[in-house]
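K.L.:
With the sequence up front, the predicted model follows.
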Amino acid sequence: MNISELIYTDNISNYIDESNSVLIIDKKVYSLFPEFNTFKKTLLFHSSEINKSFYSINKILNFFIENKLSRNSKVYAIGGGTLLDTVGFAASIYKRGINIINVPTTLLSMADASIGGKNAINFNNTKNIIGTFYLPIQVLINLNFLNTLENKHFKSGLLEIVKISLLFSKELFNFININQLKDIRNSKIIIEKIIKEAVHYKTKLVMEDYYDVGRRKLLNYGHTIAHSIELTRKIPHGIAVGYGMLLMQKYAENYYGANPELSITLIKLISKLRIKPFIFELSEIELDLVFQDKKLSNKEIDIVFLKDYEYPIIKRVSINELRNKIKNMS
Ligand SMILES: NC(=O)c1ccc[n+]([C@@H]2O[C@H](COP(=O)([O-])OP(=O)(O)OC[C@H]3O[C@@H](n4cnc5c(N)ncnc54)[C@H](O)[C@@H]3O)[C@@H](O)[C@H]2O)c1
């Protein structure tokens, strides 16, 4: 399969071909980076989970129609994972798919969400339940966007990269772990190295299992509960994934003999990043949200945990059993 062309550049504008194209850009990014203010056909998007919705899809599709986009037009999607997921979905269904170019502006979207062609919106209180697989033709990465990113969103992106490192590269994990947050933020060399490595491992998996029926599921590590607590506790996606990995490791320690060093290291890392300690007790509402979109899947669910560093396991378990065990964990 053809994976998207990936370009690292300090000047995105040089790559934007304004003829026969439109820009959809995160509102905050638009105000912080005036270089995009000169483009005429522009739609601003307020990035929040609430706006990963059919309401936004409607707005975006109308914008495509007003601008008479044809199948060979180009859509430049400039923003974080929230925007890329939403615009990607709209682009994939307009005229059965038009060209999309992803310009990720957050750490999480550079290392993860802009790669691999998964798009989705939230529906009926369930995250990412409506979506498509549709690859961008290009991904343009400019690390300078990260200079203005709030710390909590930087940490969120870092934890998604930590997830990839725990799954595939202890060396990358150690490299992230030995550096202080401020050193990572302040060094383009360090950031570029960790993004490139994360992209490398994700791309490898995507090429192996584009439709997410096998090994790509490993990327769901930490996500079983993340989607629920992200919505209820209103925390950034990657931070919820960090908590989700911790909960899965505790579970795996208790029931599958996982190396306890993993949960200890995760607790230390979360504390070092000055992220609030995880409260293990999930409310009934949170537990309902974890399992609500899984009700029909034969009452079983695939979970991902690590037996050890770089030793991930996908296990099919009964939803009832998992729910009870999670509930009783402390
Ligand atoms: N499709 C995938 O493969 C995939 C993978 C992982 C996560 N996701 C999705 O990504 C979403 C999270 O994405 P995210 O973490 O990028 O968050 P986000 O897109 O919501 O952005 C976080 C905040 O940062 C702001 N922002 C964006 N770029 C900025 C910049 N350069 N400077 C200052 N502020 C900036 C945004 O306005 C927003 O307020 C979730 O919805 C998640 O489900 C998708």
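P.N.:
Arrived safely.
K.L.:
drop to CA atoms for contacts and neighbour counts, all remaining ones
P.N.:
Will do.
K.L.:
got the contact list for the residue most central in space within the chain?
P.N.:
Centroid-nearest residue in the chain: residue 113, 4.4 Å away (criterion: Cα atoms, centre = their mean). With contacts defined as Cα atoms under 8 Å, 6 or more residues apart in numbering, the neighbours of residue 113 are 80, 81, 84, 85.
K.L.:
Please list the residues of the stretch 1-150 of the chain that sit near the ligand.
P.N.:
26, 28-29, 47-49, 79-83, 85, 105-106, 108-109, 112-113, 118-119, 145-146, 148-149 (Cα under 6 Å from any ligand atom).
K.L.:
Which ones among those map onto strands?
P.N.:
When strands are assigned by DSSP state E, the members of those inside them are 26, 79, 118, 119.
K.L.:
And the residue in the stretch 151-300 of the chain that the ligand sits nearest to, how close does it get to residue 299?
P.N.:
Relative to the ligand, the nearest point of the stretch 151-300 of the chain is residue 237 (5.4 Å; Cα to the nearest ligand atom). With the distance defined as Cα to Cα, to the nearest Å, residue 237 ends up 26 Å from residue 299.
K.L.:
So for the two, which residue has more residues nearby?
P.N.:
residue 237 (23 against 13; other Cα atoms under 10 Å).
K.L.:
you'd agree the more buried one is up against residue 226?
P.N.:
Yes - with contacts counted by Cα atoms under 8 Å, residue 237 reaches residue 226, the gap being 7.2 Å.
K.L.:
rewinding a little: going by distance to residue 162, which of the ones in strands among the residues of the stretch 1-150 of the chain next to the ligand wins?
P.N.:
For these, the minimum distance to residue 162 (Cα to Cα) is 20.1 Å, reached by residue 118.
K.L.:
list the buried ones in the helix-or-strand element of the chain with minimal mean pLDDT?
P.N.:
Among the helical and strand segments of the chain, the one scoring lowest on mean pLDDT, DSSP states H and E is helix 284-291, with a mean of 82. Along helix 284-291, these residues count as buried under the neighbour rule (16 or more other Cα atoms under 10 Å): 286, 287, 289, 290, 291.
K.L.:
can you put the residues you listed in JSON lines and add distance to the ligand?
P.N.:
Formatted as JSON lines, the buried residues of helix 284-291 follow (distance: Cα to the nearest ligand atom, whole Å):
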{"residue": "286", "distance to the ligand": "17"}
{"residue": "287", "distance to the ligand": "19"}
{"residue": "289", "distance to the ligand": "15"}
{"residue": "290", "distance to the ligand": "14"}
{"residue": "291", "distance to the ligand": "17"}
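K.L.:
before we move on, back to that, out of the contacts of residue 113, list just those in helices.
P.N.:
81, 84, 85 (DSSP state H).
K.L.:
Report the contact partners of the first one.
P.N.:
What it means is residue 81. Here residue 81 is in contact with 104, 106, 108, 109, 113, 114 (Cα under 8 Å, 6+ apart).
K.L.:
Kindly recompute the last result at 7 Å.
P.N.:
Neighbour list for residue 81: 108, 109, 113, 114 [criterion: Cα atoms under 7 Å, 6 or more residues apart in numbering].
K.L.:
How about the contacts made by the last one?
P.N.:
Residues in contact with residue 114, defined by Cα under 7 Å, 6+ apart, are 81, 84, 102, 104, 139.
K.L.:
how near is the second one to residue 214?
P.N.:
Put plainly, it is residue 84. From residue 84 over to residue 214 (counting by Cα to Cα), the distance is 24 Å.
K.L.:
Name the next helix or strand following the least confident helix or strand of the chain along the chain.
P.N.:
As assigned by DSSP states H and E, the chain's next helix or strand after helix 284-291 is strand 300-308.
K.L.:
So which bits of that next one are buried?
P.N.:
For strand 300-308, using 16+ other Cα under 10 Å, the buried residues are 300, 301, 302, 303, 304, 305, 306, 307, 308.
K.L.:
so which of those residues comes closest to the ligand?
P.N.:
residue 304 (15.9 Å).
K.L.:
can you list the residues of the stretch 201-330 of the chain near the ligand?
P.N.:
residue 237.
K.L.:
for the stretch 201-330 of the chain, what spans make up the helices?
P.N.:
For the stretch 201-330 of the chain, helices defined by DSSP state H, counting those that start in this stretch occupy the ranges 223-232, 237-256, 261-272, 284-291, 319-327.
K.L.:
I'd like to know which elements the shortest one is packed against.
P.N.:
Using 3 or more Cα pairs under 7 Å, 6 or more residues apart in numbering; DSSP states H and E as the contact definition, the elements that helix 284-291 packs against are helix 223-232.
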